[in-house]
Structure formats: C-alpha cells, structure tokens
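1. The sequence and its predicted three-dimensional model are supplied below.
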Amino acid sequence: MRLKKSQITDSEIQYETDRETMMRRVGYKLHRGLASMAEVPAKRPRVVILGTGWGGNKLARGLDKEKFDVRLISPANHFLFTPFLPSTAVGTLEFRCIQEPVRTIKGLSEYYQAKARAVDTEKKVVTCEEIFKGEQFEVPYDYLVVGVGCKTNTFNTPGVSEREGTEVFFLKHLYHARMIRNRILECFERASSPTLSDNERKRLLSFVVVGGGPTSCEFTSELSDFLKHDVSRWFPDLLHQVTLTVVEAGPSILGSFDKGIESNNRPPCPPFSHTHSPQGPPFSKSLYVSLSFFKSL
Ligand SMILES: Cc1cc2nc3c(=O)[nH]c(=O)nc-3n(C[C@H](O)[C@H](O)[C@H](O)COP(=O)(O)OP(=O)(O)OC[C@H]3O[C@@H](n4cnc5c(N)ncnc54)[C@H](O)[C@@H]3O)c2cc1C
C-alpha cells in the first residue's frame, strides 16, 4: 500500500533514512571484505616511452597492457611512415596516408604531447615540456625507454641552419614535406609571372638536392616524376628551364647500399660528371647527376 505524503510521520522518515544509511554501510563493508578476499591485481610497472617514431610506436603497440602501465611522451601525436615521406612532398601521396595517430594505440594509459627535457634517474622522473605553452611537468617511471630519434646532420655546412625553412628544407617530419610541397608550387607560380627576369626565373626553377643517399634519391625521383607528369601539363613553357641537381660529396650516389644493388640500379654510364661545387667545402668533390638518370630509376 502506498501512503500519501501527509500520512508519513517524521519518525518514519528518520527510520527509513537510518535504514538506508545502515544498508549502504553494510553493503560497503561487504564489498570491501569481498574485495580483500579476491585476488587484488598487483600494481603494473609504469613504462614511459619517449618518442612516437619507429621505435617508440612499435614498442607502445606491442607491450602487454595487462602487465604494464604504458605512457607515451612525444611532440608528434602520430607515427610517421617515413619511407613514403618523399612521395607526400610532391603530392603523389596525401599526408594523411602516412601517419597514424598514437591515440589509436589500445590500452595506452596516457599520451602527453610534450618534449622530454631532463631525466632524473635517481628519482626515476622525466621532466617534460608541453608543446603549446612550454609549461613543465614531471612523469614518474619504473622503466624508461628513450626513442627520440636524431636530428638532421648538417655537417656544420655554413648557412644551412640559418636558412632552414626559407631556402633550405630538411625532409624528416611531416611538416617538412608540407613545406617542400608548398615551396615547389610557389616557385612554379612565381616563375610563370610575366614580370620576372630570365635570371630570376632560372633561379626559381633550379632545384638542388643535397646528399646522394636513399632519401635524396627517392625524393629526386619523385620530383622528376612530378616534373614529367604534372608540371609538363600545367606549366609546359617552363619545363625546359627546370634544372634538377644532386650534390654528393662521395664518389657515387647510393653509396650506403650494397655494391651489387647499386650497380643493378645504375644505368650504364649516365650523363653525370664530377665537378667542384661552387659552394666550396664540404662539397669540394661533388657528383652532379642529370635528370635522365632519375627518370630511369
Ligand atoms: C624520408 C625518410 C625515408 C626513410 N626511409 C627509410 C626506409 O625506407 N627504410 C628504413 O629502414 N629507414 C628509413 N628511414 C629511416 C627511419 O625513418 C629511421 O631509421 C627511423 O625513423 C628511426 O626510428 P627512431 O624510432 O629511432 O626515431 P624516429 O622515427 O625519428 O622517432 C623519433 C620520435 O621521437 C620524438 N621526439 C623527438 N624529440 C623528443 C623529445 N625530446 N621527447 C620526446 N619525444 C621526442 C619525435 O617526435 C619522434 O616521434 C627513412 C627516414 C626518412 C627521414
């Protein structure tokens, strides 16, 4: 039978309230008792991984999250598939195709978009700097994995660091590829202006790739394809004025590869010539490779 509100006395209300409180307490104690009887999972060791590149990303995905409390710290909130970076720089691939957000890693306890700035191995703490306002915070660890990669080596070439992002572009991060892509298009648009002098147009259409390693060769091939397939359609009058040059200090390009692979890929006697670089050291002995070489790769 349901009582009307007016029929319920104050003492009855008090009784109900006490009863509810008591039941809650009993339930809580029961819950605690059961919990203490059950097998309480041991605290998982905290693994802090610095870097979301090839090393950090692979480890973070592979570690058993039931056993480890995995935390990631990196300024890059995505993993970058670097072998395809040269393709994005000229638009063969879209940027989104070669990156994978770190937050898709299942069971990850935490990700901080920050740079590690210091490690205290006594206290087992990493000092981090978040990338937005530069504010610092500490992250304790049981195990620390450092996978922060390396910086592009300029070999102390004068002017390179100072001109980075304006005339000089590295190719390591996604934003580098984006900058290169924008710059190449800008050069062609500017070169098509009727107000430009011949010398200035020639300068804008001269592309120099420094280093004859795999990344440079891949990028040069991609750029060559871009010129052949896209620029030839959009800027047919400019194509014959484009120069593409590779500068390599060693005796040949792709020097890091096995000699067999190198000679397989190399067409017989491509039209390249040794020359002294106008830039002086460290390119005192340079190899200039013509565009036709890369067309054949
Ligand atoms: C264009 C290009 C093409 C390549 N192609 C190939 C290929 O075909 N085959 C091949 O084997 N290798 C290739 N490589 C090389 C390969 O990418 C590297 O060997 C590999 O990335 C190294 O892995 P890593 O985990 O040591 O560092 P990285 O992959 O460079 O990752 C470093 C990570 O650390 C983060 N980080 C940097 N500073 C900090 C900090 N202070 N705190 C926290 N995190 C930080 C970065 O944001 C990044 O996420 C290529 C490289 C490039 C640039």
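-> Cool, got the structure. What you see is a predicted model; the values in this text were computed from it and never measured.

2. For residue 57, give me its contacts.
-> 79, 100, 102, 105 (CB atoms under 8 Å, 6 or more residues apart in numbering). For glycine as for every other residue, the C-beta is placed from the backbone atoms N, C-alpha and C.

3. correct me, but the last one touches residue 62?
-> No: contact status for residue 105 versus residue 62: not in contact, 9.9 Å apart, counting by CB atoms under 8 Å.

4. Can I get stretch 82-102 in CSV, CA atoms only?
-> This file holds the C-alpha atoms of stretch 82-102, laid out as CSV (Å, rounded to 0.1, in the frame of the first residue of the first chain):
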residue,chain,number,x,y,z
THR,A,82,59.0,7.8,-43.2
PRO,A,83,59.7,5.8,-46.4
PHE,A,84,56.7,7.5,-48.0
LEU,A,85,57.6,11.0,-46.9
PRO,A,86,59.3,11.9,-50.3
SER,A,87,56.0,10.9,-52.1
THR,A,88,54.0,13.3,-50.0
ALA,A,89,56.4,16.2,-50.7
VAL,A,90,55.3,16.2,-54.3
GLY,A,91,51.7,15.1,-53.9
THR,A,92,51.9,11.5,-55.0
LEU,A,93,50.5,10.5,-51.7
GLU,A,94,48.4,12.6,-49.3
PHE,A,95,49.8,13.4,-45.9
ARG,A,96,47.1,11.6,-44.0
CYS,A,97,48.0,8.3,-45.7
ILE,A,98,51.4,8.1,-44.0
GLN,A,99,50.5,9.0,-40.4
GLU,A,100,48.8,7.0,-37.7
PRO,A,101,47.5,8.8,-34.5
VAL,A,102,49.1,7.5,-31.3
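
5. now check that stretch, is it near the ligand?
-> Yes: against the ligand, stretch 82-102 shows contacts by CB under 6 Å from any ligand atom at 82-83, 85-86.
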